[in-house]
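J.: my questions are about this predicted structure, shown below with the sequence.
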Amino acid sequence: MEEVLKIVQDETLTYHQQLLALARLAENFDHTIKLSDELVKAKEEGIICDLGEGNLPYRPRYIIPDYQKFINEGSSFLQLEPPHDLWEACNNLLIMYRHVPSITSFPVFLGELDNLLEPFTLKLSKEEAKKCLRLFLLNIDRTLTDSFVHADIGPKDTVTGRLILELTEEMQLAIPNLTLKYDPELTSDDFAQRCAICMMKTAKPSFANHRMFVSEWGEDYAIASCYNGLRIAGGGYTLARLRLYEMSLKANSADEFLNKTLPYYCDLMWNMMNDRICFIVEKSSFFKANFLATEGFVKQENFTGMFGMVGLAECVNHLLGIDDPKKGFGNNEEADQLGIKIVQKIEEFVNSKEAKYCESTNNRYRLHAQVGLDSDGRENSPGCRIPIGCEPEMYKQIAHSTLFHKYFPTGIGDIFKYEETWLKTPMALVDIIKGALEAGMRYYSGYLANNDVVRVTGYLVKKSELEKLDKKKQSLNNVSVFGKGARDFSNALDRRVHESTR
């Protein structure tokens, strides 16, 4: 009751945020799935984390509907016919979004908006299409109040894509998160430059390495939530994570960590994920009764499990006895090589174990570099990133990212903070991004230092909304509280500012 009262008396939470917090509290106290004593201990020690999924998973964590099928065919459950114009298409999608669950209870994927809406946009004048899309985006920002809500554009230039970029700049909204599927052979330099300008001014879109994702997932993939790569008409059953710094405290040496400690905890987490997925598929009602499954907007065989990790930098630095993080991971060859060995060891483990109900990924889980929680503090930098405040020059940071990005098909990324003069040379930034992705970087994000909308770890918040929370006022964005925690406890907004050389 103490936790319940804390939620209902919190004046910084809106009604809907209280409702979600109470629901999560109930899930986390449930004990339907039995946990081994070893797993309970690992969770209590903070080494394994289920990211608030609780012990009664009644829906997959991340759901990626086939919105093109919905646009083409409508939905009998929602009693919606295929749309005839842009107004109907946007209205139908808004209705659909309200019925797509996830771990956050908001849809984590809104579709490839430019491709979905382009046939309808081309039937209208630019003015009317822009008015319709403005209302569409405004509705999303005010009703899907969670920055893990994500949409994609690209790789090709479209009228709808350009209108979305225009409106993103004009409206300065933190929701939805946005990704450009970028391929220099398919994406014109002019469109890429337009995206780079928008990214600098609004922290979106990020640039995804389209060729890399297609090579792993095929053409029908989506970028969802923070930067999660998943299959369209599928998704991620569950995302659990290893907190590597806490794990490193259990080992007396790097060799012991690699050969004994890491395999032990990987096995515990693998079993936990397996139990969760079996419950979702075999016992929950989702794949049996939810209209998304019964009407074919998602298919069980297109889902996979996301084997996550966080805090590689602090883990490596601890194992090597490096006290000054500026002399460690990201700035130290020995530390970087140990980091690679650890990631390769996790990948080797995951590839050696058959994962039930993961047909689309060869019956194996796929690795995910998790962005971290506000409660992680400074001991667990997101995924494989260099600790904030320790970043080297941009080209060195990019080169470091390329060492790790290939191991994480379900998501990894890095973030760059720019000073204002970069706006004068957007094509120079495009050239840098182009080179970074060509060198093996998977996902590139950035923003200007003086923006109101900023990227925290993978999601977006407004600094003006954080100021509301500082004053004990409510923020409409469900993740502003995470952004405040990440700012206060992890210095997440204090990244190195990269200056322009031109």
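T.: In hand now; what should we look at? Residues are numbered from 1 along each chain as shown.
J.: how is this structure divided into domains?
T.: According to automatic domain parsing, the chain comprises the domains 1-30, 35-60+234-405, 83-227+413-502.
J.: where's residue 428, which helix or strand?
T.: Assessed by DSSP states H and E, residue 428 sits inside helix 426-438.
J.: what strands flank the next helix-or-strand element following that helix, and is each parallel or antiparallel?
T.: Using DSSP H and E, the helix or strand that follows helix 426-438 in sequence is strand 443-448. Its sheet considered, strand 443-448 pairs with strand 206-209 (antiparallel), strand 414-418 (parallel) by DSSP bridges.
J.: quick one: strand 443-448 to helix 426-438, angle?
T.: Going by axes from the mean of the first three to the mean of the last three Cα atoms, to 10 degrees, strand 443-448 is angled at 150 degrees with respect to helix 426-438.
J.: and the average pLDDT for strand 443-448 is what?
T.: In this model, strand 443-448 has a mean pLDDT of 96.
J.: now that strand - C-alpha only, PDB.
T.: Output in PDB follows, covering the C-alpha atoms of strand 443-448 (Å, rounded to 0.1, in the frame of the first residue of the first chain):
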ATOM      1  CA  TYR A 443      22.500   4.200 -36.100                       C
ATOM      2  CA  TYR A 444      23.500   7.800 -35.900                       C
ATOM      3  CA  SER A 445      21.700  10.500 -33.900                       C
ATOM      4  CA  GLY A 446      22.400  14.100 -33.100                       C
ATOM      5  CA  TYR A 447      21.100  17.500 -32.100                       C
ATOM      6  CA  LEU A 448      22.100  21.100 -31.500                       C
END
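J.: how close does residue 66 sit to residue 232?
T.: Remark: distance between residue 66 and residue 232 (Cβ to Cβ, to the nearest Å) = 6 Å. Every residue, glycine included, has its C-beta placed from N, CA and C.
J.: and stretch 17-24, what's buried?
T.: 17, 20, 21, 24 (16 or more other Cβ atoms under 10 Å).
J.: turn the residues you listed into JSON lines, including pLDDT, distance to residue 280 and secondary structure.
T.: Listed next are those as JSON lines, based on pLDDT from 0 to 100; distance: Cβ to Cβ, whole Å; DSSP: H, G, I helix; E, B strand; the rest coil:
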{"residue": "17", "pLDDT": "87", "distance to residue 280": "25", "secondary structure": "helix"}
{"residue": "20", "pLDDT": "88", "distance to residue 280": "20", "secondary structure": "helix"}
{"residue": "21", "pLDDT": "87", "distance to residue 280": "23", "secondary structure": "helix"}
{"residue": "24", "pLDDT": "83", "distance to residue 280": "17", "secondary structure": "helix"}
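J.: contact partners of the helix holding residue 428?
T.: The contact list for helix 426-438 (Cβ atoms under 8 Å, 6 or more residues apart in numbering) reads 182, 184, 189, 192-193, 196-197, 200, 207, 209, 211-212, 394, 398, 401-402, 418, 422, 444, 446, 500, 502.
J.: again, only using 7 Å
T.: 182, 184, 189, 192-193, 196-197, 207, 209, 398, 422, 444, 502 (Cβ atoms under 7 Å, 6 or more residues apart in numbering).
J.: ok, back up a step: of all the domains of the chain, which lies closest to residue 73?
T.: domain 35-60+234-405 (8.2 Å; Cβ to Cβ).
J.: pLDDT (mean, whole number) over that closest one?
T.: Mean predicted lDDT for domain 35-60+234-405 stands at 96.
J.: between the two ends of it, how far is it?
T.: Across its full length, domain 35-60+234-405 reaches 32 Å between end residues, using Cα to Cα, to the nearest Å.
J.: follow-up on the earlier one: out of the contacts of helix 426-438, which comes closest to residue 484?
T.: Closest to residue 484, out of all of these and judged by Cβ to Cβ, is residue 444, at 25.6 Å.
J.: leaving out the residues flanking it, which one is nearest to that closest one?
T.: Of all residues not flanking residue 444 in the chain, residue 207 sits nearest, at 4.5 Å (Cβ to Cβ, 6 or more residues apart in numbering).
J.: so how many other residues sit close to the one you found?
T.: For residue 207, the count of nearby residues is 28 (other Cβ atoms under 10 Å).
J.: I'd say it and residue 442 touch.
T.: No. Using Cβ atoms under 7 Å, residue 207 is not in contact with residue 442, being 9.8 Å away.
J.: ranges for the helices of the stretch 351-500 of the chain?
T.: 394-402, 426-438, 463-470, 480-490 (DSSP state H, counting those that start in this stretch).
J.: need these in a markdown table (columns: distance to residue 141).
T.: What follows is the helices of the stretch 351-500 of the chain, written out as a markdown table (distance: least, Cβ to Cβ, whole Å):
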| stretch | distance to residue 141 |
| --- | --- |
| helix 394-402 | 30 |
| helix 426-438 | 25 |
| helix 463-470 | 12 |
| helix 480-490 | 13 |
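J.: how about the secondary structure of the residue nearest the centre of the chain?
T.: Central residue of the chain (Cα atoms, centre = their mean): residue 226, 1.8 Å from the mean position. Three-state call for residue 226 (DSSP: H, G, I helix; E, B strand; the rest coil): coil.
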